[in-house]
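Enquirer: Next come a sequence and a model predicted from it.
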Amino acid sequence: MNASTDFFGWRVVAGAFVLAVFGWGLGFYGPPVYLHAVQEARQWSVVLVSTAVTLHFLIGAVIVANLPALYRRFGLPTITKAGALLLAIGVIGWAVAREPWQLLLATLPSGAGWVAMGAAAVNAIIAPWFVHKRPAALSMAYNGASIGGVVFSPLWVAAIAWLDFPIAATIIGATMLLAVWLLSDLIFSRTPDGMGQLPDGETSDTAPAATASAPSLPGRLLWRDRAFLTLAAAMALGLFAQIGLIAHLFSLLVPALGEQAAGIVMGLATASAIAGRTAVGWLMPAGSDRRLFACASHAVQIAGSLALILAAGDNVVLLVAGVLLFGAGIGNTTSLPPLIAQVEFTRADVQRVVPLIVAIGQGTYAFAPAAFGALRSLSIHETAAVAVAAAIIQALALAAFLAGRRRVPSLAPARP
């Protein structure tokens, strides 16, 4: 077998990329647009609609923590299809809500559905197919999340303006559902064992021997493990700082750059995120300390925050530099923690650890936009206040990564 041409795992990566485009495009980047559309159509308060967005993410946090059990009981393809169906129903529910209780009710399917197409889901899809090449595979698949923002943020705005929200939600939701249904049947239903392949496209002659791995942490032992606690804290802190700053970044850039230029700069942040994630995925050496790479990524983002502080709200060069530096770490905040888990926990524990850290992170960052918004309202220098808060929180995330470092017999991932 020619591993480079016949290995099915790279098709799985392509499928996971498309899944991430739809998952983040509708479930992550969509809610801010839905918020504006619902507020304009119904004249409801910002507090009410913002509460719906927060509830959307909190419900997702509860579901993602239980994804492993759902996969075991129903299978990954079935849960992925169900997630797409729930997300489509939820988005349509946002669009047709006539009363506040209907809006809040719509967050149940939208929040529950999108996490079956989010970070933990992508990791679960990729994990059986890749071990040593997992950093590159995950970085490629997770780039679909960034593309989802690039494509769907302007697409939602244009479609809602042209067709109205309910029709736009129905068309886009149906398109997503068809795509995910086909991906689940044709790609996600396959397994390496079922196709007679080994992870990474290796053969029995080229596959490396097993290496030592960390001890298993069944039950509550996981919640007393320093590596798990610091990894969960670091991811939660990093996401909180990141989502909090990004939620307000556009409006902070507009006074100095204007709306059109601010939109372009936000697009550059996404491009920087793709470049940063791809560079780490392909260049991180095998056996390296992945926590140190996470620290370096946060250090770059802290440098970006410092540039935003020094810009004083009107220095265009420093504003753009700050956005690019901050953007370089956006993708790694999501993709590196699962890769750290891969080398620090047994395979069975990784299947628990990744959904749990994603759930903790999502449950935390759901409150970030409101918290950073409150900070803006209390400060005269809004950009500096938000950037200082982001830098401090990211420094705490960096410290958490360092605090969890431990010596293990080998940082090479154990064979499944």
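Expert: Nice, I can see it.
Enquirer: Ranking helices and strands of this structure by mean pLDDT, which lands last?
Expert: Ranked by mean pLDDT, DSSP states H and E, the helix or strand of the chain with the weakest confidence is helix 3-6, at a mean of 58.
Enquirer: The protein - how does it break down into domains?
Expert: Per automatic domain parsing, the structural domains of the chain span 3-201, 219-403.
Enquirer: Save those domains as CSV, and put in mean neighbour count too.
Expert: Using the backbone N, CA and C atoms, a C-beta is placed for each residue, glycine as well. Formatted as CSV, these follow (neighbours: other CB atoms under 10 Å):
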stretch, mean neighbour count
domain 3-201, 20
domain 219-403, 20
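Enquirer: where exactly do the helices run in the stretch 51-200 of the chain?
Expert: Secondary structure of the stretch 51-200 of the chain by DSSP state H, counting those that start in this stretch: the helices cover 67-74, 76-96, 100-114, 119-126, 134-163, 165-183.
Enquirer: Not counting its own residues, what contacts the last one?
Expert: I take that to be helix 165-183. 15, 18-19, 22, 26, 34, 37-38, 41, 80-81, 83-85, 87-89, 91-92, 94-96, 117, 155-156, 159-160, 162-163 (CB atoms under 8 Å, 6 or more residues apart in numbering).
Enquirer: What average pLDDT does it get?
Expert: Across helix 165-183, the average pLDDT comes to 96.
Enquirer: hey, C-alpha coordinates of that helix in PDB?
Expert: Taking C-alpha atoms only, helix 165-183 is exported to PDB below (Å, rounded to 0.1, in the frame of the first residue of the first chain):
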ATOM      1  CA  PHE A 165     -33.400  35.900   8.700                       C
ATOM      2  CA  PRO A 166     -35.900  33.000   8.600                       C
ATOM      3  CA  ILE A 167     -35.300  32.200   4.900                       C
ATOM      4  CA  ALA A 168     -31.600  32.600   5.200                       C
ATOM      5  CA  ALA A 169     -31.500  30.300   8.300                       C
ATOM      6  CA  THR A 170     -33.500  27.700   6.500                       C
ATOM      7  CA  ILE A 171     -31.400  27.700   3.300                       C
ATOM      8  CA  ILE A 172     -28.000  27.700   5.100                       C
ATOM      9  CA  GLY A 173     -29.200  25.200   7.700                       C
ATOM     10  CA  ALA A 174     -30.400  22.800   5.000                       C
ATOM     11  CA  THR A 175     -27.200  23.100   3.100                       C
ATOM     12  CA  MET A 176     -25.200  22.300   6.200                       C
ATOM     13  CA  LEU A 177     -27.400  19.400   7.100                       C
ATOM     14  CA  LEU A 178     -26.900  17.800   3.600                       C
ATOM     15  CA  ALA A 179     -23.200  18.300   3.700                       C
ATOM     16  CA  VAL A 180     -22.800  16.800   7.200                       C
ATOM     17  CA  TRP A 181     -25.100  13.900   6.400                       C
ATOM     18  CA  LEU A 182     -22.900  13.000   3.400                       C
ATOM     19  CA  LEU A 183     -19.700  13.400   5.300                       C
END
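Enquirer: Show the subsequent helix or strand relative to that helix.
Expert: Using DSSP states H and E, the next helix or strand after helix 165-183 towards the C-terminus is helix 226-257.
Enquirer: any idea of the mean pLDDT for that following helix?
Expert: Average pLDDT, helix 226-257: 89.
Enquirer: Whatever helix or strand comes next after it vs helix 226-257, what angle?
Expert: Next along the chain after helix 226-257, taking DSSP H and E as the criterion, comes helix 259-283. Orientation of helix 259-283 against helix 226-257 (axes from the mean of the first three to the mean of the last three CA atoms, to 10 degrees) gives an angle of 150 degrees.
Enquirer: What is helix 259-283 packed up against?
Expert: helix 134-163, helix 226-257, helix 290-311, helix 316-328, helix 330-344 (3 or more CB pairs under 8 Å, 6 or more residues apart in numbering; DSSP states H and E).
Enquirer: Of those helices, give the one that comes closest to residue 266.
Expert: When the helices and strands packed on helix 259-283 are compared by CB to CB, helix 226-257 sits nearest residue 266, at 5.6 Å.
Enquirer: Residue 18 is in contact with residue 125, correct?
Expert: No - Residue 125 is beyond contact range of residue 18, at 11.1 Å (criterion: CB atoms under 8 Å).
Enquirer: between the helices of the stretch 51-200 of the chain, which gets the lowest average pLDDT?
Expert: With a mean of 88, helix 134-163 has the lowest mean pLDDT of the helices of the stretch 51-200 of the chain.
Enquirer: Excluding chain neighbours, give the residue nearest to residue 340 in space.
Expert: Excluding its sequence neighbours, the residue lying closest to residue 340 (CB to CB, 6 or more residues apart in numbering) is residue 290, at 4.6 Å.
Enquirer: which residues does that neighbour contact?
Expert: For residue 290, the contact set (CB under 8 Å, 6+ apart) comprises 284, 336, 339-340, 343, 411.
Enquirer: same thing but at 10 Å, please
Expert: Residues counted as contacts of residue 290 (CB atoms under 10 Å, 6 or more residues apart in numbering) are 135, 280, 284, 336-344, 401, 411.
Enquirer: for residue 75, same thing?
Expert: Contacts for residue 75 (CB under 10 Å, 6+ apart) come out as 81, 184, 188-189.
Enquirer: and the gap between it and residue 82?
Expert: Residue 75 sits 10 Å away from residue 82 when distances are taken as CB to CB, to the nearest Å.
Enquirer: which residues are in contact with both of these two?
Expert: Counting by CB under 10 Å, 6+ apart, the residues touching both residue 75 and residue 82 are residue 184.
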